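Chemist: What would the 3D arrangement of this be:
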Amino acid sequence: MSRLKALRPEPGGRVPETAMVMAAGLGTRMRPLTATQPKPLIEIAGTTLMDHVLDHLRAAGVKRVVVNVHYLADAMEAHLQRVAGSLEVVVSDERARLMETGGGLAQALPLIGDQPFVCVNSDNYWVDGPVDAIKLLASHWDDTIMDALLLMVPLARAHHHGGKGDFHLGPDGRIVSRRRPGRMAPMVWTGIQILHPRLIADWPDGPFSTNLFWTRAIEAGRAYGQVHQGLWFDVGTPGAIGRTEAMLLDG
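Modeler: Here you go, the predicted model:
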């Protein structure tokens, strides 16, 4: 059992109606599979990574999804039109210039609106635990003390992840620090988070990382983490696909 004190959930905490799906990356670590298709359209266990994310968002109650596109954008847009289903899908076009994660959020902000939103990386594969992971995250969102709430998994359960961890959490779930160079950190970010648009402000010109916004939230004491109760897989390389599918088959 985790020694971290769980954040106090709000019973029936509402999932934000809007989500941002980050799908504009070049997928260089997934080559040669991304030579002819964008990374979010690679299949894991018979489902594209993008469909996997959209299915989870739809099941959690999200109604509207903003998706940024850059690499092989026409293919991404055509796929989104085919699979949107009940979701309203709006494209944030980065064809002219790839803006990276932070720049992508800043460019999409007029499409996102002024309310807290779910943000998910499209190269993400997870299995819900006893509770839907996005609903779990939303149930712990507290607008009075948070600007960012990141879903995390302990490093020991970050399957196929080659890193050394990302963050340290305090006993109340607050993110107290990042991993220091040359050190380990116990928690890995899953690529799933809830953000408040007020955090996305005063950004630099051109492409930049979401780290800028995270740093502000951490320094202000308004960045928190929630531990994922299910499975999570780092599927960033071709070799990780088969290993992930094997684990899923094994249950």
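Chemist: Now Asn68: which helix or strand?
Modeler: If you go by DSSP states H and E, Asn68 is part of strand 64-69.
Chemist: could you point out which element follows that strand?
Modeler: Next along the chain after strand 64-69, with elements defined by DSSP H and E, is helix 73-83.
Chemist: which parts of that next one are buried?
Modeler: Neighbour-count burial for helix 73-83 flags Ala73, Met76, His79, Leu80 (criterion: 16 or more other Cβ atoms under 10 Å). Bear in mind the C-beta positions are built from the backbone N, C-alpha and C, glycine included.
Chemist: Paired strands for the helix or strand that comes right after that helix, with orientation please.
Modeler: Per DSSP H and E, the first helix or strand lying C-terminal to helix 73-83 is strand 88-93. Taking DSSP bridges as the criterion, strand 88-93 pairs within the sheet with strand 64-69 (parallel).
Chemist: tilt between the strand it pairs with and helix 73-83?
Modeler: 160 degrees (axes from the mean of the first three to the mean of the last three Cα atoms, to 10 degrees).
Chemist: what sits up against strand 64-69?
Modeler: Here strand 64-69 makes contact (Cβ atoms under 8 Å, 6 or more residues apart in numbering) with 17-24, 38, 54, 57, 76-77, 80, 87-95, 99, 104, 107-108, 111-112, 122.
Chemist: quick one: average pLDDT of stretch 132-148?
Modeler: Over the span of stretch 132-148, the pLDDT mean works out to 97.
Chemist: An error on my part: the question was meant for stretch 98-113.
Modeler: Stretch 98-113 comes out at a mean pLDDT of 96.
Chemist: What's the PyMOL line that selects buried ones from the contacts of strand 64-69?
Modeler: Of the contacts of strand 64-69, the buried ones go into a single PyMOL selection, burial set by 16+ other Cβ under 10 Å:
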select buried, resi 17+18+19+20+21+22+23+24+38+54+57+76+80+87+89+91+92+94+99+104+107+108+112+122
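Chemist: Quick one: classify Trp232 as helix, strand or coil.
Modeler: For Trp232, the assignment made with DSSP: H, G, I helix; E, B strand; the rest coil gives strand.
Chemist: wait, what's in contact with it?
Modeler: Per Cβ under 8 Å, 6+ apart, neighbours of Trp232: Tyr125, Trp126, Val127, Val153, Arg157, Ala158, His159, Val188, Thr190.
Chemist: Next: Met247.
Modeler: Contacts of Met247 by Cβ under 8 Å, 6+ apart are His159, Leu231, Phe233.
Chemist: Any chance of the residues you listed in TSV with pLDDT, neighbour count and distance to Gly182 as columns?
Modeler: Converted to TSV, the contacts of Met247 look like this (pLDDT from 0 to 100; neighbours: other Cβ atoms under 10 Å; distance: Cβ to Cβ, whole Å):
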residue	pLDDT	neighbour count	distance to Gly182
His159	93	16	24
Leu231	96	18	29
Phe233	94	23	26
